[in-house]
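>>> Sequence below, structure please.
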Amino acid sequence: AADKINLIPQDFFAELCEQIIQHLNHKIPGVNTAELCQRIQTSGIEINVGDLAKIANIVSFLFSTAARNSLSTEELITALGNAVSALPKHAVQVIRHIWNEQGKSISVSEDARNMTTVGQFVDIKWKLGVAMSSDACRSLKYPYVTVMLKVADPSGQITDKTFEMTIPQFKNFFRQFKEMAAVLETV
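Model (predicted):
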């Protein structure tokens with residue numbers, strides 16, 4: 001991972017670390033590595049989203065472990081130096097700065113740790129479409145609903161899940177949401 005971190009410019013690495021701290025503080029549902037990766041690639045750096053996600057997981061583990069052990073900035077940097085000798089200097093500087101500024105704010109309550117065992121809903125988008133024809137059928141006129149869910153997994157990585165439903169499937173989906181809303185009203 002150290003060789004991949006070396007590819008990431010300091011400002012992008014700092015942004016990644018900031019997002020991780022915000023995620024650990026439950027201020028944002030996750031780290032949007034796909035969007036950040038696209039911006040890094042646009043700047044001319046060759047890195048794929050999988051490598052960036054691995055780096056985000058490593059840094060997230062680093063910050064959460066340091067918070068759990070109440071490490072000071074110097075203790076974190078010393079531990080980091082002992083564990084990872086090949087970490088680029090700019091990355092160590094960013095980690096030092098971010099941890100010094102915001103490390104103490106990371107909440108490590110038992111409830112917060114238990115909450116992160118499931119994904120978290122971020123956003124939903126939908127569209128109604130009509131399939132007009134196919135190679136097997138000239139006149140389909142078949143309506144469908146496409147649903148795009150944005151979900152943050154337990155590690156904080158934001159992923160998109162897209163699926164299509166027929167109109168009867170959508171009506172069932174909608175009915176179940178109405179049932180959930182009715183139950184929530186009683187709470």
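>>> Just give the closest residue to the spatially most central residue of the chain, not the sequence neighbours.
The residue lying closest to the centre of the chain (CA atoms, centre = their mean) is Gln157, at 2.3 Å. Spatial nearest neighbour of Gln157, excluding adjacent residues (CB to CB, 6 or more residues apart in numbering): Ala53 at 5.3 Å. Where C-beta positions appear, they are placed from N, C-alpha and C, glycine not excepted.
>>> measure that neighbour to Leu87 for me?
Separation of Ala53 from Leu87 (CB to CB, to the nearest Å) stands at 18 Å.
>>> pLDDT on stretch 74-88, on average?
Averaging the model's pLDDT scores along stretch 74-88 yields 77.
>>> Equivalent analysis for stretch 7-16, please.
92.
>>> Buried by neighbour count: which residues of that stretch qualify?
Within stretch 7-16, the residues scored as buried using 16 or more other CB atoms under 10 Å are Leu7, Ile8, Phe12, Phe13, Ala14, Glu15, Leu16.
>>> Then stretch 161-173?
Met165, Phe170.
>>> Next, the distance between the ends of that stretch.
For stretch 161-173, the first-to-last residue distance is 16 Å (CA to CA, to the nearest Å).
>>> need the strands for this structure, in chain order.
120-131, 142-152, 158-166 (DSSP state E).
>>> Please identify which of those is closest to Ala91.
strand 158-166 (22.3 Å; CB to CB).
>>> care to break the protein down by domain?
Split into domains by the TED database, the chain comes to 1-114, 120-185.
>>> Could you say which of the ones you listed is packed most deeply?
Scoring the domains of the chain by mean neighbour count under mean count of other CB atoms under 10 Å gives domain 1-114 as the most buried, with a mean of 16.
>>> chain center to that one: distance?
A distance of 13 Å separates the centroid of the chain from that of domain 1-114, by CA atoms, centre = their mean, to the nearest Å.
>>> for stretch 161-178, same thing?
Relative to its parent chain, stretch 161-178 has a centroid offset of 25 Å by CA atoms, centre = their mean.
>>> Please work out the average pLDDT along it.
90.
>>> what's next to that stretch, contact-wise?
Stretch 161-178 is contacted from outside by Pro143, Tyr144, Val145, Thr146, Val147, Met148, Leu149, Lys150, Val151, using CB atoms under 8 Å, 6 or more residues apart in numbering.
>>> that older thread, generate JSON lines for the buried residues of stretch 7-16, with distance to Lys127 as supplementary columns.
Output for the buried residues of stretch 7-16, formatted as JSON lines (distance: CB to CB, whole Å):
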{"residue": "Leu7", "distance to Lys127": "36"}
{"residue": "Ile8", "distance to Lys127": "35"}
{"residue": "Phe12", "distance to Lys127": "32"}
{"residue": "Phe13", "distance to Lys127": "36"}
{"residue": "Ala14", "distance to Lys127": "36"}
{"residue": "Glu15", "distance to Lys127": "31"}
{"residue": "Leu16", "distance to Lys127": "31"}
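>>> Cool, thanks, talk later.
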